[in-house]
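J.: pasted the sequence and its predicted model underneath.
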Amino acid sequence: MKHAKHTKHEPAALPEEVRPGQSVELLKELHILTRDGKLNQDSRRKLKQVYHLVNFIEPLLRDVRETKQNVSLVDHGAGKSYLGFILYDLFFKGHKDNDGGAHVYGIETREELVQKSTELAARLGFSDGMSFLPLSVAESTTSDKLPERIDIVTALHACNTATDDAIDFALKKKAKHMVLVPCCQAEVASVLRKNKGKDLGRSALTEIWRHPIHTREFGSQITNVMRCLQLEAHGYQVTVTELVGWEHSMKNELIVATYKNLPRRRPTERLQEVMSELGLDEMKQRFYTPVTAD
Ligand SMILES: C[S@@+](CC[C@H](N)C(=O)[O-])C[C@H]1O[C@@H](n2cnc3c(N)ncnc32)[C@H](O)[C@@H]1O
């Protein structure tokens, strides 16, 4: 005779990656935890990546909170809003101020993702402090649905020039901190490619981008160099590190910028020089610098 199955329901122990107080419902909704509360290999990797980023963002949130309670954060190219939800769950929901001013905004062009995130925030009771807007990053800069000032701007693998638009957004909103993990940017490479005929031969250094694969890779790298110089030219202190090991993602450069009102002249001049040396003068509008640099 077969033994009767043990039916008594005991909650399974949660994986150690789940932090105290963290919403298990949220992790299940984001498909980070399976229905029975487990992590699979893929979601463990995703969670590790998000946590790693969270570790960089947490001190920035604390820094803003030293001077004001209601921290505002905008996540550009939010996708399914893993980052926004996890940040809200870990740091925002426990710090809600009386007037409810602390807020996480997710900016995303794909309306179905915006709708899903909006519904999920409502189910989790996060709607007071989270909004998702079906806008491009560029549109969000002038949208009246966002406040004039934003404290922290994040953009994680926002496609192509969306990272540049996020920088423009953050500069216009006078953000104190930016956390950027750029995706491939094709615009600079396309200008290098277009001007190759007249630029090659001008200097031996043009060899760096003569072969098509090098044009793409160098274009992508020099874009990040110019982004950093642009941020410094606007008075930000910039650090560039690695988000996760190369085995996880090919695009793992993490740029963290904090406004310190630093001297602007040298980075401004350097950026102009880099653009003119590389035949990228037509990119000056994209990588704009302050009118007066002291
Ligand atoms: C590679 S996904 C990254 C999603 C999310 N940040 C993450 O890391 O899981 C890039 C997202 O940016 C969105 N996107 C691309 N260009 C955008 C733009 N100009 N404005 C707003 N969203 C954009 C895409 O629809 C996509 O959901």
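T.: Happy to help now that I have it. Residues are numbered from 1 along each chain as shown.
J.: and Thr223, how many neighbours does it have?
T.: Neighbour count for Thr223, taken as other CB atoms under 10 Å: 25. For glycine as for every other residue, the C-beta is placed from the backbone atoms N, C-alpha and C.
J.: can you tell me how far it is from Val191?
T.: 10 Å (CB to CB, to the nearest Å).
J.: got the buried residues for the helix-or-strand element of the chain with minimal mean pLDDT?
T.: Every helix and strand of the chain was ranked by mean pLDDT, DSSP states H and E. The lowest is helix 196-199, at a mean of 84. Residues of helix 196-199 classed as buried: Lys196, Asp199 (neighbour count, 16 or more other CB atoms under 10 Å).
J.: quick one: contacts of it?
T.: Leu192, Thr206, Trp209, Arg210, Thr215, Leu278, Gly279 (CB atoms under 8 Å, 6 or more residues apart in numbering).
J.: among those residues, which ones are buried?
T.: When those are checked for burial by 16+ other CB under 10 Å, the buried set is Leu192, Thr206, Trp209, Thr215, Leu278, Gly279.
J.: the third one and Val191 touch, don't they?
T.: To tie it back to what came earlier, the one meant is Trp209. No - the criterion here is CB atoms under 8 Å, and Trp209 misses it with Val191 at 10.7 Å.
J.: need the overlap of contacts for these two.
T.: With CB under 8 Å, 6+ apart as the test, Trp209 and Val191 both reach Gly219.
J.: could you list the low-confidence segments of this structure?
T.: 1-12, 95-100, 244-250, 293 (pLDDT under 70).
J.: domain parsing for it?
T.: 69-183, 186-234+259-285 (automatic domain parsing).
J.: pretty sure Asp63 is in a strand, no?
T.: No - using DSSP: H, G, I helix; E, B strand; the rest coil, the secondary structure at Asp63 is helix, not a strand.
J.: isn't it up against Asp151?
T.: No - if you go by CB under 8 Å, Asp63 and Asp151 don't touch, sitting 9.2 Å apart.
J.: neighbour-wise, which of these two wins?
T.: Neighbour tally, Asp63 and Asp151, criterion other CB under 10 Å: the higher count belongs to Asp151, 24 against 15.
J.: so what's the closest residue to that one other than its chain neighbours up against?
T.: Distances taken as CB to CB, 6 or more residues apart in numbering place Val64 nearest to Asp151, at 4.6 Å, with adjacent residues excluded. By CB under 8 Å, 6+ apart, the residues touching Val64 are Val71, Asp151, Ile152, Lys176, His177.
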